[in-house]
Each structure stands twice: as structure tokens, then as C-alpha cells.
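Chemist: need a 3D model of the following:
(2 chains)
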Amino acid sequence: MKDLWAGGPPRGKEPPAAGAARPYTRGEGNNDTVLVVDDDTSILDTVTAILSGEGYEVVSAASGQEALAAVARKQPVVILLDMRMPVMDGWAVARALRQQGMSVPIVVMTAAESAKRWADEVGAEGYLAKPFGLDDLLAAVERFRTRGRPN
Amino acid sequence: MVIFISVALRTVRQPTRAHADMALFFGATAFVIIIARLAAFLGPTPAWLTPILVAVLMALPYILLRLVDDFTHVRSAIKRAAELGLVAGIVATYATAPELPAPVTLYLVVYFFGVSTYCAVAFIRSGRHARGVTRRRMEAISLGSILLGTDILISGLTPLARPDDRPVLQALGQLLGLGSGIAYFLGFAPPAILRRAWQEPELRAFLARAASLPRLPTTLDIVRELEQGAANSTGTTARIGLWQEDISKLRFWEDDDSTVEIEAGMHFAGRAFELQRPVFSSDPIRDNPDGAASYRSHNVGAVLATPITAGERRLGVLTLTATRPPIFAMSDIELAGLLADQAAVILESRALIDHAARVRAREEATRLKEDFLSAAAHDLKTPLTTVVAQAEFLERSATREPSAPADIAGIRRVVRESKRLAGLVGDLLDATRLEQGKLVGEREAVDLATLAQEVCAHDTSGQGICQVNASAPVVGVYDRRRVEQLLQNLVENAKKYSPERTPIRIKVWQQDGEARVAVQDFGIGIPAADLPRIFERFSRASNVDDRRFHGMGLGLFICRGIVEEHGGRIWVESEIGKGSTFHVALPLADGRRLN
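Modeler: Now for the predicted structure:
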């Protein structure tokens, strides 16, 4: 398995990537798990397909409650979080995580004009304005990657 | 005497026929009373005076009859008869003077009593048609006439009575005379305090209604109510003209709601508006020849125009018209002034309400627009996200590994979300067209039964869950594409909110001269609280889970637009957990149009 990571020693031991504005607790072990939260299943499937193709381990959640459960099972390196969701919206998810003492970086995904403001409101690391393209998506998660790209 | 002087002064100021008659009447009465008083002091009247006294006394009921004629029409036959009777009485008096034989006395008494009773009745009758102060004054005058007639009757018959009874009869006669004097005084020249008391009930009735007036749906409704109230209070015809800033004219509304516009300074209304004081005319044809034709055709004999002004704001004019000049013009002018002031208050508060409503409507429109834009933006960007990202990913994968098998799941996502996008864009365009009332285009004969079969057959689920129940063609003249869209929307809605594989039933039939369609599902149903606004824009039932059910809440809004533009109705019956039935009623084909 070692030669799978030809890029050198795991980068997990290094300081956080330059783009990360604040320190955060790393997940157990070194994984590249990305949690995608969106109530629109097409977006969920598309993002999952794209990130999986790029070598990420993707966990998808179709609601705020599912997202919290997924975080409890396995802490991701980043959460792609839709803001407008029924019952439990993006703000509620961010609040619940903070209350549980977890500082997983969040990237807000929204179709609203106020994407940047909302990102600031929940203390997110960045935002993805819908509709986003392939490169926007990859750039948004790339900086949270803890391990080298698989061959 | 006092009444005579006050009436005479008024006659000099406003020389109308009614005033002249009033002056004559009180002059004659005063003359008779003075001579009688003088006789009481200086002994018996000279012989030459008796006929004059009798002649003047005899003229009293005749003058009273003329006064009746000033208020209301007296048939000329009666006037001639009264004139003849007067002449006959005077001739008989002169012929037999100074001794008046009993038959002549009797004739004079009967004539006097007859004419004054006729006048009293006429005053009561005309008082019934009048309102407010005028009515009370008419009643007082008729009471005075009855008392006067009875007084003369008793006085005339006193000489024929037994000597013992004469003092009693004389006292009674004097009492009646006093009563009639007071009644005439109250009728012809009531003190201001009494006039106000008489005005009060009418004003009170008017004010009681006034409080609710500013809330009426339109300004025209208020104008109509004010006109009605003013007409009832004054017993005239009332019209209100409102000043239109944009065209600088007074606008009046006719009974058929057509409008008449008058410039400031034109006619009586324009003059009252320009001068900002009441304008009264008892001879409108003479005073305003420009309006003569209209006055003649509407039989207008008197006009009173009063400005309606709230503080500095000139709002309009209240115009009262009557077939005859009101005999008590002064109190009518007073009353009209009070009504106009009240109208000003009501119209002003209406203007404030209108202004507030306009502000609210503007805010509401802005809010709706923002809601619409943000809802539309959100709903369009969501499928677009999949289309853009997934298509780019497919492109990159195909470029990198041309030989790899196609990512069929990804392709399907792009197709599905593109269609969803197309549907949303279509709905948005339809909603915009609907607002302009241009949803329905060219119409043709359409059989709803066949159309329902087609829509059902189109059902891609292939489960045969859509069933049509139609025994005969139901044909109407519709925009085929739109009615098909209507049925599709209803069927898709039914499927969307029902568990899988539960049937959707469409029934098509004719009832009460209408084409009827019912689409029934056995789905989640609609909460009763949401039913009233289910056909409104962006409205979705509160039990709809946004995650499972996509949509902007435009589908039923568009359905209602299609149905209503066809002149039909749409409604829904629903029970939570049991399902919903959407009913549509459309006009049936008219045989002539079909051919």
C-alpha cells in the first residue's frame, strides 16, 4: 500500500494548507473524507460522482440530521453544506457542530446572492455559489486534502 | 308686527315671489290686528273701515293659498275658485255694509274656513315630501293655518251663539288666534336654536352612516352614499362633483356612471368652487343661461351649490337641485354647508386611506417581486448546478479516457435536470403571460374526453395508474395546448403527492350546461387551512416536503389562469391522508361557433 502514496510522507503531519484560515481538528486518521450535504439529490449525486472520481472518499447527506449523524460516525476534512434545506438548514447544522465542540471546516453551497455573507455568518472557510462548475468545486475542496492524489 | 317687519326686510333683500307673499300675509295679519286693537281702545270702527277690514281679512286665506302655490303646485281651477269666492265676499260685504246680514257673515266664515283648511292640508301634504327643517316648518305652518281657520269659524259664529256662551267663545277665539300666531312665527321665522334642533335628527342619521363611508370600496361608492344622504336630509336631488387635479375640472357622475366635467367658474358648481362660498339661485335659467336646456329637461327650478373644502384643500362641490325654489333658502344653505363639511371630512379620510393603501400595495408589490426573484433564482440555479457540473465532468472524463464506458447515470442526471429546468422556465414564462392575461391563444373544438385519454396514455410510468372515466365526448372551444397543459399539470400533481402505484382517476362529463373534469388522487391531501390559497402564486401546501417535491408553486396558479381565461372555474376538495380531487368546469361548445 505504501507506494500508493508516492508523493512522500503523508501531508497530514504538515501545517494546514495555506488556504485554511484557521486551525481545525483533524479527523481520526488520515483520510480525505468529504461530507456533501444538500436536499437536492441530483446535486448530491453529481458532487459525489465528481469528487469520488478525483479520489475523495465522499459521504452524502440529504438533510441536516443526516449530516450530523455522518459527522458523528466519521469526521470529514471538509463539509460542503447547502444552506436552504427544510427542517434543519445549514445554519442549524453549523450551530450544532459548534455546540458539539467540532470545528470541521465548512464550505457553504448556495444559490442565494448573499452566499458570502452567509458563509461569514456560519464561520465557513469558503463558499460555492450555485451554479458552480467542475473547477470551482475541485478548487474549493482541494485545499483541505490531507493526502496525495492517488495515481 | 315683528314677523312682518323681519319678513318685509327679507323680501327687500331677496325679492322672490314666496318672500313677497309672506310679507303680504303678515302685513295683512298685522293690519287686521292693529285695527282690532285700535277699535278696542277708540270704540267702534268707523263704518267705511269695516268693508276694508273685512276685505283684508278675507284676503288672508287667499294669500295663504298663494303661499301654498309657492311650495307646491295648486291647481289653477282651485285658484280661480278662491279668487271668485274672494271677489264675491268683498262685493257682498260692500253691498250690505255696514250691517252684515247673517248669510253674508256665514258665507265669509265658511269661505275663510274652507280655504285655510285646504291650505293646511296642502302644507301637510307638501311637508310629507320635504325633509328636516323644511318639513318641521311646513308642519308648523299647517298647524297655524288650521288654528286660524278654526279661530275665524268660531269668531264668525260667536254672534249667532247664545249670549251666555259668547265670552267663552271669544276667549277660545283669542286663544286660537294666539296659537296660530305662534305656529306661523315658528314656521315662517323660526329662531336659530329651533332650526338647529330640527336639523339634528337628519344630521344625526347622516353622521351615523358617515362613519363607515370612508371604508367603502371605491370613491364613487362614497360619492353615491353622500349624495343619497344629502338628498334624504334636504329633500332635494344631490350631486357631488370632485375636483380632478390632473385635468383641473370638477367631475360629476351621472346615474349611469357616465361623467360630466365642469371647469372652475362655470355653472353654479364651478362658481361655488371658485368663490369658495355657497351659490344659490331660485331662477337658474335666468342666472345661468348656458345650462338652460339641462335645467328645462330636468325640471330644475332652484340650485344650491356649496363648496366641499377640508382646511385648505378644495375637494369639490355639493350641488342640490329642486323643482321649485325652497321657501326657506337660508336654512337649506345652512344645512347644505353642514353636509358639505361632513362630506369633506369623509372624502379627506378616504384620500388618506387610499394613500396608505397605495403605499402598502407598492411595498407588497416590491416584496412579491423580491420573493419571486429569489424563489426563481433559487429554483433555477439548483438544477443548473447539476447540469453545469455534471456536463463538465462528463466532458473531462470523455477527454481523459475516450475508451471508457459512458457514464450513463451522469448523462441521465443532466437530461433529467435539463428537463426540470425547461419546465421551470416554461412555468415562469407562463406566470408572466398570465399576469398580462395572455395565456390562452388560438382556440379550436377540443374533445376533453379524448384529450384526457391522451394525457393518461402519455403517463410514462407505464403502470396504468391513470384511468379515464368518460362515456361520451365533451366538446368545447379551447386552446388545445393550454387545456392539455392543464390536465397534465393536474395529473402530475396528483402523482407527485400520492404513494407510488396508487391510481389517478380522471372523470370527464357534462353537467348543467358545463364541461366538467375531475382529477382524483389518493395521496397526502391538502390541509384545510391551505385550501383557500392553494391556487395562488408560490403557494404550496404546508405538508409538502420541499425535498421530495420539487416545484415553484406555480403549477396550480397557471392551471387557474388557463381555466379562468377560458371563462371556467377550478376548485379542490381534499382530505388529509385520503387524497384530493381537483374539479374543473369549462364552458361547453356553442353550436354556432363550432360550425
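Chemist: the chain: strands as residue ranges?
Modeler: This is for chain A. Ranges of strands in chain A, per DSSP state E, are A:33-37, A:57-61, A:78-82, A:106-110, A:126-129.
Chemist: sorry, should have said chain B
Modeler: Per DSSP E, chain B carries strands over the ranges B:237-244, B:249-253, B:259-263, B:279-281, B:302-310, B:313-322, B:444-447, B:466-469, B:475-478, B:504-511, B:514-520, B:569-575, B:579-587.
Chemist: report the helix or strand with the lowest average pLDDT across chain A.
Modeler: Lowest by mean pLDDT, DSSP states H and E among the helices and strands of chain A is helix A:115-121, with a mean of 90.
Chemist: please read the previous query as pertaining to chain B.
Modeler: Lowest mean among helices/strands of chain B [mean pLDDT, DSSP H and E]: helix B:591-594, a mean of 47.
Chemist: returning to what we had before: need the strands of chain B in a markdown table (columns: distance to chain A and mean pLDDT).
Modeler: Backbone N, C-alpha and C define where each C-beta goes, glycine included. Listed next are the strands of chain B as a markdown table, based on distance: least, CB to the nearest CB, whole Å; pLDDT from 0 to 100:
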| stretch | distance to chain A | mean pLDDT |
| --- | --- | --- |
| strand B:237-244 | 44 | 89 |
| strand B:249-253 | 47 | 90 |
| strand B:259-263 | 48 | 87 |
| strand B:279-281 | 62 | 86 |
| strand B:302-310 | 46 | 89 |
| strand B:313-322 | 44 | 88 |
| strand B:444-447 | 36 | 92 |
| strand B:466-469 | 25 | 87 |
| strand B:475-478 | 35 | 92 |
| strand B:504-511 | 24 | 93 |
| strand B:514-520 | 27 | 94 |
| strand B:569-575 | 21 | 93 |
| strand B:579-587 | 21 | 94 |
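Chemist: how about the nearest residue to the spatially most central residue of chain B, chain neighbours excluded?
Modeler: Chain B has B:Arg224 as the residue nearest its centroid, 3.2 Å off, counting by CA atoms, centre = their mean. Leaving aside its sequence neighbours, B:Arg224 sits nearest to B:Trp253 (CB to CB, 6 or more residues apart in numbering or on different chains; 7.7 Å).
Chemist: pretty sure that neighbour is touching B:Ile222, no?
Modeler: No - contact criterion CB atoms under 8 Å: B:Trp253 and B:Ile222 do not qualify, at 11.2 Å.
Chemist: neighbour count: the two, which is higher?
Modeler: The neighbour comparison of B:Trp253 against B:Ile222 (other CB atoms under 10 Å in any protein chain shown) goes to B:Ile222, with 22 against 18.
Chemist: biggest helix in the chain, by residue count?
Modeler: Picking chain A for this. Counting by DSSP state H, the longest helix found in chain A is helix A:41-53.
Chemist: let's do chain B instead
Modeler: The single longest helix within chain B, with elements called by DSSP H, is helix B:329-400.
Chemist: quick revisit: contacts for the longest helix of chain A, please.
Modeler: Helix A:41-53 is contacted by residues A:34, A:36, A:38, A:58, A:60, A:62, A:80, A:82, A:109, A:130, A:134, A:137-138, A:141, B:382-383, B:385-386, B:389-390, B:393, B:397, B:407, B:409-410, B:413, B:416-417 when judged by CB atoms under 8 Å, 6 or more residues apart in numbering or on different chains.
Chemist: which among those count as buried?
Modeler: Neighbour counting over the contacts of helix A:41-53 (16 or more other CB atoms under 10 Å in any protein chain shown) leaves A:34, A:36, A:38, A:58, A:60, A:62, A:80, A:82, A:109, A:130, A:134, A:137-138, A:141, B:382-383, B:385-386, B:389-390, B:393, B:397, B:407, B:410, B:413, B:417 as the buried ones.
Chemist: picking that back up, out of the strands of chain A, which one sits most buried?
Modeler: strand A:78-82 (a mean of 28; mean count of other CB atoms under 10 Å in any protein chain shown).
Chemist: given it, what are its sheet partners and their directions?
Modeler: Partners of strand A:78-82 in the sheet, by DSSP bridges, are strand A:33-37 (parallel), strand A:106-110 (parallel).
Chemist: and the last one, average pLDDT?
Modeler: When you say that, I think you mean strand A:106-110. Taken as a whole, strand A:106-110 has a mean pLDDT of 93.
Chemist: contact residues of chain A facing chain B?
Modeler: Applying CB under 8 Å from any CB of the partner chain, we find that chain A lies next to chain B at A:39-40, A:42-43, A:45-47, A:49-50, A:53, A:62-63, A:84-86, A:111-113, A:130-135, A:137.
Chemist: neighbours of B:Leu490, how many?
Modeler: B:Leu490 is flanked by 28 other residues according to other CB under 10 Å.
Chemist: quick one: it and B:His583 touch, right?
Modeler: No - counting by CB under 8 Å, B:His583 is not a contact partner of B:Leu490; they are 9.9 Å apart.
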